[in-house]
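Asker: 3D, please:
(2 chains)
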There are 2 protein chains.
Amino acid sequence: MTASGERHDDQARLDRAGRYLPMVAVREDQRGGPPIDRRLIVAANRGPVSFHRDPSGGLTVSRGLGGLVSVLNELFRQHPGTWVAAAMSEEEDRLAGEGRAVDIDLDGVPYAVRYVSLDRDSYDRYYNVVANPLLWFVQHYLWDFARHPDITAAEHAAWDSYLAVDRAFAETIADEIGGDGGDALVMLHDYHLYAVAPEVRSRAPGAFLHHFVHIPWPQSDSWRVLPRRMRTAIFEGLLGNDIVAFHTEHYAQSFLDGCSDVLGLPVDYRRGVVEAGGREVWVRSYPVSVQPENLRQAMSADEVALRERSLLEERREYLVLRVDRLDPSKNIARGFRAFDVFLSRHPEFARRVTFLALLQPSRQDVPEYVACREDVLRVAEEVNARHGRGDWWPIDVRVQDDFATTLAAYRHYDALLVNAIFDGMNLVAKEGCAVNQRDGVLILSENTGAYGELGAFALGVNPFDLEEQAEAIFRALTMSAEERRTRAMGLSDVVQHNSVERWIETQLADVAARMRSQP
Amino acid sequence: MTASGERHDDQARLDRAGRYLPMVAVREDQRGGPPIDRRLIVAANRGPVSFHRDPSGGLTVSRGLGGLVSVLNELFRQHPGTWVAAAMSEEEDRLAGEGRAVDIDLDGVPYAVRYVSLDRDSYDRYYNVVANPLLWFVQHYLWDFARHPDITAAEHAAWDSYLAVDRAFAETIADEIGGDGGDALVMLHDYHLYAVAPEVRSRAPGAFLHHFVHIPWPQSDSWRVLPRRMRTAIFEGLLGNDIVAFHTEHYAQSFLDGCSDVLGLPVDYRRGVVEAGGREVWVRSYPVSVQPENLRQAMSADEVALRERSLLEERREYLVLRVDRLDPSKNIARGFRAFDVFLSRHPEFARRVTFLALLQPSRQDVPEYVACREDVLRVAEEVNARHGRGDWWPIDVRVQDDFATTLAAYRHYDALLVNAIFDGMNLVAKEGCAVNQRDGVLILSENTGAYGELGAFALGVNPFDLEEQAEAIFRALTMSAEERRTRAMGLSDVVQHNSVERWIETQLADVAARMRSQP
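Answerer: Sure thing, here's the model as predicted:
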């Protein structure tokens, strides 16, 4: 399973100017041949598909949730390989036990999936204690330090489980590599697998190791929440890679600062390089994106047309939209309170505007998420009670997971509110801009990763400032058609230009460059 | 009022190696003469004394609270001048109205006090909305971002009041200078006066401006809580000075990073210099300290002896002590929970140890402080209910403000717990080490400013890690006499060496150097 020739026809894209990717070195000398002649192994907590047995004994294979599947599917389209993931079902446990990968085909892309067998309790502690909420909250600045977290014996034990799970991942990856790794490119994903790289390296020293972190990288003081052994292991784990990748330069910078502050390592800021254990680790940023073509294709489904019809029947003069997982980082309740301020300041909008909130349920076995959901629903009710009249409910909250409705709403919003407290990238902003057909205005938190790319054409807001958000809603709904159009075109251009293909190419170009830089 | 000769006999101290102050340039060429031939004007929210009329019409002058008075009194002892402060009482308002300074004598040091007249509502918003909790919480990382703060119309209005109060301070300072400022050295203090310097500079362009920030300087993401106009004004306000000073290099570094991140200014990290408005601003660190001599003197008071006797009568085999303002940043409840863990792990200490918590009431008109106090008392009760037996109450909480008891307890603790979440310096740690007579062990949060100086001789703890704090209490109470002694001597040496005199000298030496560096 070596790098195939399919990528040849994509090489021209390497010429594009790195407008939004100033840290990315796209090398001229790399064009004209397959840049990476290695077996690709991707590892992430979740797999691209789920295997289940139904009660009658039949095998069901269903597409995995989450944005990672679609962007990585694009990687596998160009570069066949194996995806390593935690076994979640009995059937996946059985497959893990067979000790070999299963071939699958996803949207016409053939590749293999290999499962890691994990004991349920360890997995639970790794996932529901360490990854969420501990790391997620540290990395999104969500801890209420005066009260939470407490690092107790339970968290220490959970950390040991996290290390054990990561070790199991590394063992499976090494087994899949099956040699010293000299022919393997291992691409690790996200905050569940921080400790994997050194364990792979010790088993397969020739492997090229790459880790992409999809959530914010906080500044070093935030890591002081974690006991020294934990924060040290996280930084040392990531430095087991050859390249560590983030969505934005700011996160990359925070990681470099952290290598200096937490580990006391020498950092070359100009080159984006950390010297660790006698090796050079490159720290880079590549803003992930969406696939406008795929979205437009999905848009043509009958189901979307159905949802669209009912949306158009129900809608008032103006539609303000938000689409979010029910996560504290998304700042949903403050968005409602800002809408409350807007309605109080501008009573002329009564009955003429609806705030549609499409909220996906999330992590309801974590207490912080239960509290968040309750809070969000309570605030929406309060605002509706205060401003609603007759048959007009200012806020229409739908806790559901229905992509057809989301697509229909994307097409028709007048303003899209993305006011996240902190957010690694935020793909809702990009999806909306890719498919909206009313020159809808994007109101975007300056603390999202997407702000660096889209901020110039959006109405930027501070996520804590209710006045500014209320004013932005007013501006969005009263803006001249010309200004709306100019902004919408700018947004759409950026999303079109910074494509998923580009995200993959720039990463692979750096992998090739990094390989060449070392004998 | 020029620099007096008293400093001559202190010049020898300038020779000392800057072990804990690597950023401080102590210049050889400065010895042998009064380094600063300028009128000193200090400004801080509170004055060194309070003026009140008693009901019979008599005038009362009482010493101000807070640590700033004693360290700055040392500055005035060396360098006579005027202290500018907000008028808090009717009598001080009257004095402010007279438009001139009042001469006072404090502990044998003569200087002048000048009051700034402020309208009560503006002062309330400046102090009880912006300074506390908004800035205090931002700078100590205490906001629970998912819920607080909201920046509403009230916070925006309060910010305007903050700017108005700072402008009034600047007007009074300029009036006190009474010219273009060429003969004035203005030293501003703390987080109430961030916007003063540019306003003084525009009125008295020749004044030398210096600002000392006594609380932590957080990393730049934390400033994103504040709307752009606020965070910009804070950084630009501080950059109106010639020198900006912090307790630690880490805070200075965070300020330099913030100048780059928040304002996009060029920063020279090697020299610790920011280029702002065509001027160079020096960013430096000087860890403030205590005065062991004064503490030892205070120790000899009859009242202390009285408190000591009752303390010795009551005490069990081991005394664990904490002394804190009742502030969320001090992490008092987690300290009790750690003690809970310690008692559960080590039942052999039952009836043999008391955790004495001397807690000063604080800011009870701010809701977060009321909640903190309730939380602390509730947790203490829970721990006492769980472990207490017979006449033994494991935790003895005293909410009071009695320095004699504090001194007596300092003398006799076996372990002093300082587990602050984040703390600018923490002088309790230094006071305790200066006067303890039992080779008491210091358990010190790695997130305090003091950790940089004292950490090597303390048991360092992560303030969130209950296990580590419990283990540190156990280690402290079971440590060999020899190790206790070595550590206690190390701590005492550091406190003796890094004196308040040294804190002042190094600052003044840099002021002189900065003056010479510019025509």
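Asker: For the stretch 1-150 of chain A, list the residues in contact with chain B, please.
Answerer: Within the stretch 1-150 of chain A, the residues that sit near chain B (C-beta under 8 Å from any C-beta of the partner chain) are A:141, A:142, A:143, A:144, A:145, A:146, A:147, A:149, A:150. Every C-beta, even on glycine, is put in place using the N, C-alpha and C of the backbone.
Asker: Do you have the helices of the stretch 101-250 of chain A handy? List them.
Answerer: A:120-125, A:136-139, A:153-177, A:196-203, A:220-223, A:228-238, A:249-263 (DSSP state H, counting those that start in this stretch).
Asker: Counting by contacts, list what the longest one packs against.
Answerer: To tie it back to what came earlier, the one meant is helix A:153-177. strand A:39-43, strand A:81-86, strand A:109-116, helix A:120-125, strand A:184-189, helix A:196-203, helix A:228-238 (3 or more C-beta pairs under 8 Å, 6 or more residues apart in numbering or on different chains; DSSP states H and E).
Asker: mind putting the ones you listed in TSV, mean pLDDT included?
Answerer: Converted to TSV, those look like this (pLDDT from 0 to 100):
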stretch	mean pLDDT
strand A:39-43	96
strand A:81-86	97
strand A:109-116	95
helix A:120-125	97
strand A:184-189	98
helix A:196-203	98
helix A:228-238	98
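Asker: Columns mean neighbour count and distance to residue B:495 on top of the ones you listed, output as JSON lines?
Answerer: Formatted as JSON lines, the helices and strands packed on helix A:153-177 follow (neighbours: other C-beta atoms under 10 Å in any protein chain shown; distance: least, C-beta to C-beta, whole Å):
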{"stretch": "strand A:39-43", "mean neighbour count": "25", "distance to residue B:495": "51"}
{"stretch": "strand A:81-86", "mean neighbour count": "26", "distance to residue B:495": "52"}
{"stretch": "strand A:109-116", "mean neighbour count": "21", "distance to residue B:495": "53"}
{"stretch": "helix A:120-125", "mean neighbour count": "15", "distance to residue B:495": "43"}
{"stretch": "strand A:184-189", "mean neighbour count": "26", "distance to residue B:495": "47"}
{"stretch": "helix A:196-203", "mean neighbour count": "22", "distance to residue B:495": "41"}
{"stretch": "helix A:228-238", "mean neighbour count": "20", "distance to residue B:495": "25"}
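Asker: Identify whichever of the ones you listed lies nearest to residue B:216.
Answerer: Each of these has some distance to residue B:216 by C-beta to C-beta; the shortest is helix A:228-238, at 18.6 Å.
Asker: Could you pull out the buried residues of whichever strand or helix holds residue A:513?
Answerer: Assigned by DSSP states H and E, residue A:513 belongs to helix A:500-516. By neighbour count on 16 or more other C-beta atoms under 10 Å in any protein chain shown, the buried set for helix A:500-516 is A:500-515.
Asker: right, and the helices of the stretch 101-250 of chain A - which one's nearest residue A:291?
Answerer: Set against residue A:291 and scored by C-beta to C-beta, the helices of the stretch 101-250 of chain A come closest in helix A:249-263, at 22.8 Å.
Asker: for the closest one, packing partners?
Answerer: Helices and strands touching helix A:249-263, as assessed by 3+ C-beta pairs under 8 Å, 6+ apart, comprise helix A:220-223, helix A:228-238, strand A:243-246, strand A:267-268, strand A:273-276, strand A:279-285.
Asker: Now the residue in the stretch 301-450 of chain A positioned nearest to chain B: closest residue in space, sequence neighbours ignored.
Answerer: Across the stretch 301-450 of chain A, no residue is closer to chain B than residue A:328, which sits at 4.0 Å (C-beta to the nearest C-beta). Spatially, and ignoring its direct neighbours in sequence, residue A:328 is nearest to residue B:146 (4.0 Å; C-beta to C-beta, 6 or more residues apart in numbering or on different chains).
Asker: again, but for residue A:423
Answerer: Distance criterion C-beta to C-beta, 6+ apart; nearest residue to residue A:423, sequence neighbours excluded, is residue A:448 at 4.2 Å.
Asker: so what's that neighbour up against?
Answerer: By C-beta atoms under 8 Å, 6 or more residues apart in numbering or on different chains, the contact set of residue A:448 is A:418, A:420, A:422, A:423, A:425, A:426, A:429.
Asker: returning to that earlier point: now the residue nearest to residue A:328: phi and psi?
Answerer: With angles defined as degrees, to the nearest 10, residue B:146 sits at phi -60, psi -20.
Asker: That one contacts residue A:142, doesn't it?
Answerer: Yes. Counting by C-beta atoms under 8 Å, residue B:146 touches residue A:142, with 5.6 Å between them.
Asker: Need the overlap of contacts for the two.
Answerer: In contact with both residue B:146 and residue A:142: A:328, A:329, A:368, A:421, using C-beta under 8 Å, 6+ apart.
Asker: Ramachandran angles for the first one?
Answerer: Torsion angles at residue A:328 (phi, psi; degrees, to the nearest 10) stand at phi -50, psi -30.
Asker: Give me the pLDDT for it.
Answerer: pLDDT, residue A:328: 97.
Asker: My understanding was that residue A:363 contacts residue A:132; is that so?
Answerer: Yes. Assessed by C-beta under 8 Å, residue A:363 is found in contact with residue A:132 at 5.9 Å.
Asker: before we move on, the earlier item: which ones among the shared contacts of residue B:146 and residue A:142 are found in helices?
Answerer: When DSSP state H defines the helices, the subset of those inside them is residue A:368.
Asker: Go through the shared contacts of residue B:146 and residue A:142 and name the one nearest residue B:398.
Answerer: Comparing the shared contacts of residue B:146 and residue A:142 against residue B:398 with C-beta to C-beta places residue A:368 closest, at 34.6 Å.
Asker: what's that closest one in contact with, if anything?
Answerer: Counting by C-beta under 8 Å, 6+ apart, residue A:368 has contacts A:133, A:137, A:142, A:328, B:146.
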